[in-house]
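1. Here is the input, now give the coordinates:
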Amino acid sequence: MSFHSGFVCILGRPNAGKSTLLNALVGEKIAIISPKPQTTRNRILGIINVPQKKGHEAGQIVLIDTPGVHRPDSSLGRKMMSDVHEALHGCQLILLIVDAKRQWSDEDVVVLDLVKRSGTPVFLLLNKIDLLADKRDLLPLIAQFQPLHNFKEIIPISALKKKGLDELLQYVLKALPKGQRYFPEDQITDQPLRFMVAEAIREHVLFQAREEVPHAVSVMVDQYEEGARLTRIAATIYCDRPSQKAILVGKGGQMLKKIGTAARMGIEKMVGTRVYLELFVKVQAGWRESRQFVEELDWRRQLEQIAGPPRPEEAFPASNVTEGPKAKG
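-> You can find the predicted model right below:
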């Protein structure tokens, strides 16, 4: 039996279920999720190794989760859309995921135009079918989408309930060319643990904080020391304004402690040791508009800095950074 492999880009609007689908297909949580839009800010690779079974060929599917397609209005938004375009370049298949419960809109047209310009084969995934009150609505829904583009397949799924995913994997594998294995068989993502830790902390900020705070927050890991029984981590939560810092810290530091405790428990499962976690809160005014700061958030850039010479002191003007209380866990 031949071996199929290739890169598959998951594309869609914010909150369509892209990261939920990635996690469900890989079988591990490698991308954070939340009800808030634009949770995913970076390209995230998930690697699926499909074993050979009777009547089915083996292969390796490299999924690329992308930020939600939107009209960018900041340096952060432009960086996110740049990641989307990079993910589309060189992939062999696009999984265009849409919310089956949501009305088609101008924002969906923007995503579809992006797909059409790519010239790449596309599967349309009608997600969240578990929320349809009457499953007989699926056929007219499929009929509604068919004229929009020459989709190779239109597949109803529920990423949350893991419905239709086995069928999806088989269709994807057949659509990929014959090729070699790109990653070792035991690897499920290309992300370093440092980045996954930062994202785990941000995920709990998304769940705990309110109003505009989640969108104004970024997280960087400052210290990561692995031990046989204990992993020591120090991380900084950056926000836009002192008022947001006050919300993140909370009365008597209670909010920060709550975020830190919840994050630590998740991180311990991730790294397989006990974790000592220190969280700091700093104000970096207008960071979403700073191209330099936004680029610093990319874990690939962070790894380059760790391996290379120290960052110049003038990279972040001290006058523009305000440190807040820290929480230990």
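2. all strands of the stretch 1-150 of the chain, in order?
-> Assigned by DSSP state E, counting those that start in this stretch, the stretch 1-150 of the chain shows strands spanning 3-11, 44-50, 58-65, 93-99, 122-127.
3. closest to Gln292 out of these?
-> If you check each of the strands of the stretch 1-150 of the chain against Gln292 by C-beta to C-beta, strand 44-50 wins as the nearest, at 22.8 Å. The C-beta positions use only the backbone N, C-alpha and C, and glycine is treated the same way.
4. can you give me the helices in the stretch 201-329 of the chain?
-> With DSSP state H, counting those that start in this stretch as the criterion, the stretch 201-329 of the chain has helices at 242-249, 254-271, 291-296, 299-307.
5. just to revisit the earlier point, right, and the strands of the stretch 1-150 of the chain - which one's nearest Lys174?
-> For the strands of the stretch 1-150 of the chain, proximity to Lys174 was assessed by C-beta to C-beta; strand 3-11 is nearest, at 7.3 Å.
6. what angle sits between the closest one and strand 44-50?
-> 150 degrees (axes from the mean of the first three to the mean of the last three C-alpha atoms, to 10 degrees).
7. Any chance of the strands of the stretch 1-150 of the chain in a markdown table with distance to Lys163 as columns?
-> Shown next, in a markdown table, are those (distance: least, C-beta to C-beta, whole Å):
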| stretch | distance to Lys163 |
| --- | --- |
| strand 3-11 | 17 |
| strand 44-50 | 17 |
| strand 58-65 | 18 |
| strand 93-99 | 14 |
| strand 122-127 | 10 |
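8. and the closest residue to Cys9 other than its chain neighbours, what are its phi and psi?
-> Distance criterion C-beta to C-beta, 6 or more residues apart in numbering; nearest residue to Cys9, sequence neighbours excluded, is Cys91 at 4.3 Å. Note on Cys91: its backbone torsions stand at phi -80, psi 150 [degrees, to the nearest 10].
9. For Cys91, give its distance to Leu148.
-> Relative to Leu148, Cys91 is positioned 20 Å away (C-beta to C-beta, to the nearest Å).
10. Please identify which of the two sits among more neighbours.
-> Shown here are Cys91 and Leu148; by other C-beta atoms under 10 Å, Cys91 has more neighbours (21 against 14).
11. which residues does that one contact?
-> Neighbouring residues of Cys91 by C-beta atoms under 8 Å, 6 or more residues apart in numbering: 6-9, 64, 120.
12. mind running it again at 7 Å?
-> For Cys91, the contacting residues are 7-9, 64, 120, by C-beta atoms under 7 Å, 6 or more residues apart in numbering.
13. name the element Glu167 belongs to?
-> helix 165-175 (DSSP states H and E).
14. May I see the buried residues of that helix?
-> Neighbour-count burial for helix 165-175, with 16 or more other C-beta atoms under 10 Å as criterion, is recorded at 165, 168-169, 172-173, 175.
15. Check what pLDDT the most centrally placed residue in the chain gets.
-> Against the mean C-alpha coordinate of the chain, by C-alpha atoms, centre = their mean, the closest residue is Thr40 at 3.7 Å. With respect to pLDDT, Thr40 scores 88.
16. wait, doesn't it sit right on Ile64?
-> No - using C-beta atoms under 7 Å, Thr40 is not in contact with Ile64; the gap is 11.1 Å.
17. how far is stretch 140-159 from where the chain is centred?
-> 24 Å (C-alpha atoms, centre = their mean, to the nearest Å).
18. ah, wrong one, I meant stretch 161-179
-> 21 Å.
19. Using CSV, write out every CA atom in that stretch.
-> This file holds the C-alpha atoms of stretch 161-179, laid out as CSV (Å, rounded to 0.1, in the frame of the first residue of the first chain):
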residue,chain,number,x,y,z
LYS,A,161,-18.6,16.0,19.5
LYS,A,162,-16.1,14.4,17.1
LYS,A,163,-18.8,13.4,14.6
GLY,A,164,-17.8,12.8,11.0
LEU,A,165,-14.0,13.1,11.7
ASP,A,166,-13.1,9.5,10.7
GLU,A,167,-14.7,10.0,7.4
LEU,A,168,-13.0,13.4,7.0
LEU,A,169,-9.5,11.9,7.7
GLN,A,170,-10.1,9.2,5.0
TYR,A,171,-11.1,11.9,2.4
VAL,A,172,-8.1,14.1,3.3
LEU,A,173,-5.7,11.2,3.0
LYS,A,174,-7.0,10.2,-0.4
ALA,A,175,-6.7,13.8,-1.6
LEU,A,176,-3.0,14.1,-0.6
PRO,A,177,-0.2,13.0,-2.9
LYS,A,178,2.0,10.0,-2.4
GLY,A,179,5.1,11.1,-0.4
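20. Lovely, talk soon.
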